[in-house]
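Have a look at this prediction, sequence included:
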Amino acid sequence: MSKEIAYMCGDATRPFGQGSKIIAHVCNDAGGWGAGFVGALSRRWPQPEAAYRQWYRNRAANDFALGAVQLVQVDDDLWVANMIGQHGIRRRPSAAAPVRYEAIDQALASLSERASALAASVHMPRIGCGLAGGRWEKIEPLIAHRLAGQGISVTVYDLE
């Protein structure tokens, strides 16, 4: 039942293939949206940013925290998964990377359940490796275990 992670050159905001799809990406827990992959998402759809900002604003009364996932529908068979896997925002290159691998792992476990319920494939850039400062050799095994290992089709996109 386990699947291999597929890699392709392309734009993760334009996922390849048939059927229901989820575009997964990592957000911070500081309420910041505007740099990195989120810019590409916002250029395509207003809903993921608006939903994230409302989720953050109302965090005292909801589940907004490291490891949480917010699924936002942007088309008939397409969702964006806002996954909180970054603590704060790195303000200086010498500062510690804000990536939180445990939170990404927790978010991927939740995403696995939601993708299964929707019979959806999952599409993403190399999550947690841009502004979050994570290392792909630590994140890839989490994706392999939590998604591909559960039989969910996963495609990782590298921009050309």
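On my side now, so go ahead.

Walking through this structure, point out its helices one by one.
Listed in chain order, the helices of the chain (DSSP state H) span 37-44, 47-57, 101-118, 136-146.

Of these, which stretch is the most buried?
Of all those, helix 101-118 carries the top mean neighbour count, a mean of 19, counting by mean count of other Cβ atoms under 10 Å. Just so you know, the C-beta spots here come from the backbone N, C-alpha and C atoms, and that holds for glycine as well.

same for that helix, what does it pack against?
Under the contact definition 3 or more Cβ pairs under 8 Å, 6 or more residues apart in numbering; DSSP states H and E, helix 101-118 sits against strand 21-28, strand 69-75, strand 78-86, strand 121-124, helix 136-146.

right, and these - which one's nearest Met1?
helix 136-146 (13.0 Å; Cβ to Cβ).

who's in contact with the closest one?
Helix 136-146 has contacts (Cβ atoms under 8 Å, 6 or more residues apart in numbering) with 5, 101, 104-105, 108-109, 111-112, 124, 126-129, 154, 156.

swap in stretch 115-122?
15, 17, 19-22, 24, 77, 79, 81, 111, 114, 147, 150-155.

gap between the two ends of that stretch?
One end of stretch 115-122 to the other measures 7 Å (Cα to Cα, to the nearest Å).
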